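1. everything below, folded, please.
(one chain, ligands or ions: 1)
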Amino acid sequence: MQDQGKAGYMNGQWWKRSVVYQIYPRSFKDSNGDGIGDIRGIIEKIDYIKNLGVDVLWLSPIYQSPNDDNGYDISDYQAIMPEFGTMKDFDELLKQAHKRNIKIIMDLVVNHTSDEHIWFQRSREKEKSKYQDYYIWAKEKPNNWESYFGGSAWEYDEVREMYYLHLFSRKQPDLNWRNPELREDIYKMMSWWLDKGIDGFRMDVINLISKADGFPEGEVIEGTPYTEKAPYVICGPQMHTYLKEMYKKVLSNYNIMTVGEGLGLGLDEARKITSENSKELNMMFTFEHMDVENIGKEKWTEQRFKLKDLKQIMSKWQKGLEHEGWNSLYWNNHDQPRVVSRFGDDGLFWEKSAKMLAVCLHMMKGTPYIYQGEEIGMTNIRLKTINEYHDIESKAAYERYKNYMGYSEEKIMNCIHARSRDNARSPMQWDTTRNAGFTDGSPWFEVNTNYEKINVESQVNDPDSILSFYRELIVLRKSYEIIIEGDYNLLYPEDDNVYAYTREWQNQKILVICNFSKEHIAFQVPSSFDNKENRLLIGNYEGAALEKEMLLRPYEADVFLFTS
Ligand code: NOJ
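-> Alright, predicted model coming up:
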């Protein structure tokens with residue numbers, strides 16, 4: 001039997017050895033020609049997912065929703081959005097996935113619901129009911145917090161004649177977690193899904209569920225009439241209490257995985273949440289590396305990242321959760337621009353840089369996530385006007401920068417092109433047929449014009465494709481304990497072209513070298529590796545070999561294994 005190692009997969013921590021594939025159902029595969037991806041479409045492609053070698057599917061929300069925020073505004077947690085199919089379809093998907101040894105985790109959105117959820121409908125009523133206190137109401141507007149999607153975070157409700165809090169859109173009222181009855185209802189709903197046989201949850205903005213007492217006013221956000229809410233909503237006073245309660249009452253009863261989304265989450269809090277002893281969640285999605293272009297400032301920037309900053313952030317998290325807690329590793333999800341356009345090169349060095357980025361992430365310690373299309377190197381889209389964008393956040397940003405910041409149209413559109421969440425949401429590119437094989441109908445969102453070059457069909461049987469490269473990386477993770485267990489150490493933190501690091505475990509060492517530049521770059525292998533026997537585990541150029549002085553080719557990535 002294989003060594004269990006510290007990652008202890010035998011004691012239920014299978015998620016430490018898993019690779020997760022995220023599906024954004026609306027854009028994955030349409031099975032019935034209505035232009036919208038659906039559950040039957042996922043079933044059609046389940047063998048594709050199996051072939052990739054991933055262990056877990058994370059489904060972005062498939063619940064009933066008016067789609068103000070593409071399903072992150074849920075109106076019924078126990079019903080499927082009709083556009084996506086039926087509960088029977090879901091049961092079939094679960095069955096087909098499990099048959100192939102693929103687990104499914106669902107998106108759990110419980111910081112807020114849709115305003116069309118029955119709880120909110122009842123909560124608005126003036127008559128007393130248990131729901132009155134399910135949301136966060138105030139007679140007078142308590143502060144000027146700005147919502148994440150722009151505008152005030154408080155909305156006046158004509159029916160109840162009070163204000164309610166919504167950290168996201170006005171159609172996403174925040175739930176009042178102080179109310180134990182609400183919490184019980186949420187736990188019941190979670191258990192219902194887990195009893196169905198799902199394998200865990202990705203928890204949307206879970207570190208926002210506890211708000212500071214008294215809703216203190218924040219600092220004015222320059223140029224706007226609004227104030228900063230972050231210090232009063234991120235990791236609020238009861239957050240750990242609620243997570244521990246959820247663990248005790250629900251999560252601990254199942255052999256599942258949990259990953260929380262942590263907006264503005266710092267290392268200490270992440271460690272507290274994911275430490276085994278805390279009994280809260282298995283891992284968190286953190287964002288510091290996703291804000292690397294403009295650290296601590298606005299997300300909407302056209303600036304390009306600096307490798308030194310990226311290395312510093314990634315290494316901080318690698319070291320910070322090395323022995324207590326656990327990292328989730330991601331470059332992409334449905335809220336982020338495509339990584340090959342962002343940290344790589346979607347022009348001449350598209351293929352090399354996509355592979356290099358994959359190496360850089362997949363050799364780190366943690367659970368890797370692949371977002372649909374990342375495995376074929378899908379790139380950002382570039383639409384001409386804001387009207388062609390669908391994403392509520394992009395539209396809000398456009399208004400904000402136009403009305404308050406006085407940015408020029410050109411500057412705003414540059415920011416939207418670089419950062420819009422819609423970059424991730426254009427339909428999956430399956431083949432060279434009309435609409436990239438995503439739908440026979442008219443797609444809900446434009447297909448990227450480069451689909452004839454970038455698609456699954458052209459890569460699936462090509463051993464040198466980006467897709468095959470991802471497969472190889474997944475196989476490596478399953479074959480070498482050191483990739484799961486090894487300690488991480490950054491080399492040359494000041495180098496602005498090369499990201500090099502080591503992993504160490506027992507008598508083995510791995511050296512990962514990634515050239516983030518379009519140029520040939522000289523790289524000096526540290527003398528501690530002198531005369532050590534080594535083997536190339538994976539690389540994106542033919543015939544790479546370890547030399548004392550290496551001349552790395554554009555976007556070259558090499559991984560060497562040393563055994564002493
Ligand atoms: C984070 C989700 O990933 C994003 O898509 C959504 O808009 C917000 N949370 C609000 O639910």
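2. other residues contacting the one helix or strand residue 50 maps to?
-> Using DSSP states H and E, residue 50 sits in helix 46-52. For helix 46-52, the surrounding residues in contact (CB atoms under 8 Å, 6 or more residues apart in numbering) are 21, 57, 93, 96-97, 100, 102, 370, 375, 456, 460, 467, 470-471, 474. Placement of C-beta: from N, CA and C, glycine included.
3. which residues of the stretch 151-300 of the chain lie near the ligand?
-> 168, 204, 205, 261 (CB under 6 Å from any ligand atom).
4. would you mind giving those residues as JSON lines with secondary structure and pLDDT added?
-> Shown next, in JSON lines, are those (DSSP: H, G, I helix; E, B strand; the rest coil; pLDDT from 0 to 100):
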{"residue": "168", "secondary structure": "coil", "pLDDT": "98"}
{"residue": "204", "secondary structure": "coil", "pLDDT": "98"}
{"residue": "205", "secondary structure": "coil", "pLDDT": "98"}
{"residue": "261", "secondary structure": "strand", "pLDDT": "98"}
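5. list the contacts for the nearest residue to residue 396 once chain neighbours are set aside?
-> Of all residues not flanking residue 396 in the chain, residue 150 sits nearest, at 3.5 Å (CB to CB, 6 or more residues apart in numbering). Contact analysis of residue 150 by CB under 8 Å, 6+ apart lists 396, 397, 399, 400.
6. just the closest of these to the ligand, please.
-> residue 396 (10.8 Å; CB to the nearest ligand atom).
7. leaving aside the residues next to it on the chain, what's closest to residue 238?
-> In space, residue 238 is closest to residue 210, 4.0 Å off (CB to CB, 6+ apart).
8. based on its surroundings, how many neighbours for the one you found?
-> 20 (other CB atoms under 10 Å).
9. now name the helix or strand holding it.
-> Using DSSP H and E, no helix or strand contains residue 210.
10. just checking, it touches residue 234?
-> No. Using CB atoms under 8 Å, residue 210 is not in contact with residue 234; the gap is 9.5 Å.
11. these two touch, right, residue 328 and residue 366?
-> Yes. Using CB under 8 Å, residue 328 is in contact with residue 366, at 5.8 Å.
12. show the contacting residues for the residue nearest to residue 388 when sequence neighbours are not counted.
-> Distance criterion CB to CB, 6+ apart; nearest residue to residue 388, sequence neighbours excluded, is residue 446 at 7.2 Å. Residues in contact with residue 446 (CB under 8 Å, 6+ apart) are 381, 383, 388, 426.
13. and those, which two are the farthest apart?
-> The span of those, defined through CB to CB, is set by 388 and 426 at 11.1 Å.
14. compare these two (neighbour count), which wins?
-> Per other CB under 10 Å, whichever of residue 388 and residue 426 has more neighbours is residue 426, with 25 against 12.
15. show me what contacts the more buried one?
-> Per CB under 8 Å, 6+ apart, neighbours of residue 426: 27, 378, 381, 445, 446, 447, 448.
16. show the subsequent helix or strand relative to the helix or strand bottoming out on mean pLDDT in the chain.
-> Ranked by mean pLDDT, DSSP states H and E, the weakest helix or strand in the chain is helix 392-403, scoring a mean of 93. Per DSSP H and E, the first helix or strand lying C-terminal to helix 392-403 is helix 409-419.
17. can you tell me the average pLDDT over the following helix or strand past that following helix?
-> Using DSSP H and E, the helix or strand that follows helix 409-419 towards the C-terminus is helix 456-460. The average of the pLDDT scores along helix 456-460 is 98.
18. so which elements touch helix 456-460?
-> helix 46-52, helix 466-479 (3 or more CB pairs under 8 Å, 6 or more residues apart in numbering; DSSP states H and E).
19. can you tell me the residue of this protein closest to the ligand?
-> Counting by CB to the nearest ligand atom, the chain gets nearest the ligand through residue 72, at 3.4 Å.
20. give the helix, strand or coil label for that residue.
-> Recorded secondary structure, residue 72: coil (DSSP: H, G, I helix; E, B strand; the rest coil).
21. count the neighbours of it for me.
-> Quick note: residue 72 (other CB under 10 Å) scores 24 neighbours.
22. return stretch 339-346 as CSV; C-alpha atoms alone will do.
-> Presented in CSV, the C-alpha positions along stretch 339-346 are these (Å, rounded to 0.1, in the frame of the first residue of the first chain):
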residue,chain,number,x,y,z
VAL,A,339,-4.7,33.4,-17.1
VAL,A,340,-2.9,33.0,-20.4
SER,A,341,-4.0,36.5,-21.4
ARG,A,342,-3.2,37.8,-18.0
PHE,A,343,0.1,36.3,-16.8
GLY,A,344,1.2,34.7,-20.1
ASP,A,345,1.0,35.6,-23.7
ASP,A,346,-2.1,35.0,-25.8
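23. circling back: could you check how far the residue nearest to residue 388 is from residue 322?
-> 43 Å (CB to CB, to the nearest Å).
24. repeat for residue 547
-> 30 Å.
25. more neighbours, these two?
-> residue 322 (16 against 10).
26. so the more buried one, which of the three states?
-> Judged by three-state DSSP, the three-state class of residue 322 is coil.
27. that one reaches residue 488, doesn't it?
-> Yes. Between residue 322 and residue 488 there is a contact at 6.5 Å, judged by CB under 8 Å.
28. gap between the two ends of stretch 161-176?
-> Length of stretch 161-176, first residue to last, CA to CA, to the nearest Å: 18 Å.
29. could you do stretch 75-89 as well?
-> Start-to-end, stretch 75-89 (CA to CA) is 19 Å.
30. for the record, mean pLDDT for that stretch?
-> 98.
31. may I see the buried residues of that stretch?
-> Neighbour-count burial for stretch 75-89, with 16 or more other CB atoms under 10 Å as criterion, is recorded at 75, 76, 77, 80, 81, 83, 84, 85, 89.
32. quick check: beta-bridge partners of the fourth one?
-> For residue 80, the beta-bridge assignment (DSSP bridges) gives partners residue 63.
33. ok, residue 559 touching residue 539?
-> Yes. In this structure residue 559 lies within contact range of residue 539 using CB under 8 Å: 6.8 Å.
34. re the thing from before, how about the residue of the chain closest to the ligand, nearest residue that isn't a chain neighbour?
-> The nearest residue in space to residue 72 (CB to CB, 6+ apart) is residue 109, at 5.5 Å.
35. return the distance of the one you found relative to residue 281.
-> Distance from residue 109 to residue 281, by CB to CB: 15 Å.
36. what does residue 505 give?
-> On the measure of CB to CB, residue 505 and residue 281 end up 25 Å apart.
37. neighbour count: these two, which is higher?
-> residue 281 (25 against 18).
38. contact partners for that one?
-> Going by CB under 8 Å, 6+ apart, residue 281 touches 203, 206, 243, 247, 251, 258, 259, 260, 273, 274.
39. narrow those residues to those in helices?
-> The helices, defined by DSSP state H, take in 243, 247, 273, 274 from the contacts of residue 281.
40. need those in TSV (columns: pLDDT).
-> Shown next, in TSV, are these (pLDDT from 0 to 100):
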residue	pLDDT
243	98
247	98
273	98
274	98
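41. ok, residue 371 - contacts?
-> With CB under 8 Å, 6+ apart, residue 371 has these contacts: 21, 22, 24, 330, 331, 332, 333, 334, 336, 424.
42. one step back: mind pulling up the pLDDT for the residue nearest to residue 238?
-> So residue 210 comes in at 98 (pLDDT).
43. from residue 136, how far off is it?
-> Distance from residue 210 to residue 136, by CB to CB: 11 Å.
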